[in-house]
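Peer 1: Below are the sequence and a predicted model for it; my questions follow.
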Amino acid sequence: MQAVSPSRAARDFEVARVGVAVRSRPLLGDVSFRLRPGERIALSGPSGCGKTSLLRGLAGLDDLARGTVTLGGQSPHQLGWPCWRRQVTYLSQEPVLLGGSIRDNLARPFRYRTAAGPFPEDTAAAWLERLGLGSHWSEEDTTHLSVGERQRVALVRALAVMPAVLLLDEPTSALDDSARHAVEELVRERCDHDGLAAVVVTHLESQALAWCDARLDLREHVAGAVEHA
């Protein structure tokens, strides 16, 4: 993983012995890793092992069964949940966009008190352009978008709020190679330029190896494997 300055290291994202369960059924246990600003880690594992549940738990959208997660040494309770969810942002494989235009959806997070600043409309438009969605797309109604288009719009929305950590759940699953490479390049650029850290769930071996600094195979953390370790 790349070196970062001591000042950036103060914003490490640390996951310590985390476990997740669904309806009281354990899925994963003892998951631990640390990301410094700018670093990316890929999570892999069998279907149904709890990868999505893990990301949702890290984002504070679902409860974790056990363990701790901190950003810059502070827990979600210390930062406050609204601030945590803005700083540690989850992007679903099939993101939900509200009715209305793409621009309305991109601007919506900036209407809340937790917004760090005004909506960076020019930057968002430039990112849409880079991802194959030209400037004319801003007024497109979101109900007309394909899954792949929604994935790209949701990524721009997530990046625009400048989170510290981005949790990406199969972010390019509905994209062709050209669009996938554009997404990878934009996220890599934000990591290098802004110190964004990213946790990526992907089933693509090539993506895990080429896009991320490290990889964590969750097979050894599946509940049965942990119990018999």
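Peer 2: Structure received. Numbering: from 1, shown residues only.
Peer 1: What score does P26 have for pLDDT?
Peer 2: Among the per-residue scores, P26 holds a pLDDT of 91.
Peer 1: ugh, wrong one, I meant G224
Peer 2: Predicted confidence (pLDDT) for G224: 61.
Peer 1: Quick one: residues contacting the residue nearest the centre of the chain.
Peer 2: Nearest to the geometric centre of the chain sits L167, at 1.8 Å (Cα atoms, centre = their mean). Going by Cβ atoms under 8 Å, 6 or more residues apart in numbering, L167 touches 55, 58-59, 88-91, 198-199. (C-beta placed from N, C-alpha, C; glycine too.)
Peer 1: Show me the beta-bridge partners of it.
Peer 2: Beta bridges link L167 to Y90, V199, judged by DSSP bridges.
Peer 1: just to revisit the earlier point, relative to V187, which of the contacts of L167 is nearest.
Peer 2: A198 (6.1 Å; Cβ to Cβ).
Peer 1: For V22, give me phi and psi.
Peer 2: phi -120, psi 120 (degrees, to the nearest 10).
Peer 1: Verify the stated contact: it with G50.
Peer 2: Yes - shown here, V22 and G50 form a contact pair, counting by Cβ atoms under 8 Å, at 7.3 Å.
Peer 1: For the contacts of L167, which single residue is the most surrounded?
Peer 2: Among these, V199 has the most neighbours (other Cβ atoms under 10 Å), with 27 neighbours.
Peer 1: what ranges do the strands span in this structure?
Peer 2: 13-22, 25-35, 40-44, 66-71, 88-91, 165-169, 197-201, 214-217 (DSSP state E).
Peer 1: Who are the packing partners of the third one?
Peer 2: This points to strand 40-44. Identification of packing neighbours for strand 40-44 by 3 or more Cβ pairs under 8 Å, 6 or more residues apart in numbering; DSSP states H and E yields helix 177-194, strand 197-201, helix 205-211, strand 214-217.
Peer 1: Equivalent analysis for the first one, please.
Peer 2: Using 3+ Cβ pairs under 8 Å, 6+ apart, the elements in contact with strand 13-22 are strand 25-35, helix 51-59, strand 66-71.
Peer 1: ranking the helices and strands packed on strand 40-44 by mean pLDDT, which is last?
Peer 2: Lowest mean pLDDT within those: helix 205-211, at a mean of 91.
Peer 1: buried sites along that one?
Peer 2: By neighbour count on 16 or more other Cβ atoms under 10 Å, the buried set for helix 205-211 is 207-208, 211.
Peer 1: Could I get these in CSV, plus columns for distance to G72?
Peer 2: Formatted as CSV, the buried residues of helix 205-211 follow (distance: Cβ to Cβ, whole Å):
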residue, distance to G72
Q207, 28
A208, 26
W211, 25
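Peer 1: surely V69 meets V18?
Peer 2: Yes - between V69 and V18 there is a contact under Cβ under 8 Å: 6.4 Å.
Peer 1: Tell me the residues that contact both of the two, please.
Peer 2: 57-58.
Peer 1: still on that earlier bit, turn the contacts of L167 into JSON lines, columns for distance to D177.
Peer 2: Output for the contacts of L167, formatted as JSON lines (distance: Cβ to Cβ, whole Å):
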{"residue": "L55", "distance to D177": "24"}
{"residue": "L58", "distance to D177": "29"}
{"residue": "A59", "distance to D177": "28"}
{"residue": "V88", "distance to D177": "29"}
{"residue": "T89", "distance to D177": "26"}
{"residue": "Y90", "distance to D177": "25"}
{"residue": "L91", "distance to D177": "20"}
{"residue": "A198", "distance to D177": "20"}
{"residue": "V199", "distance to D177": "23"}
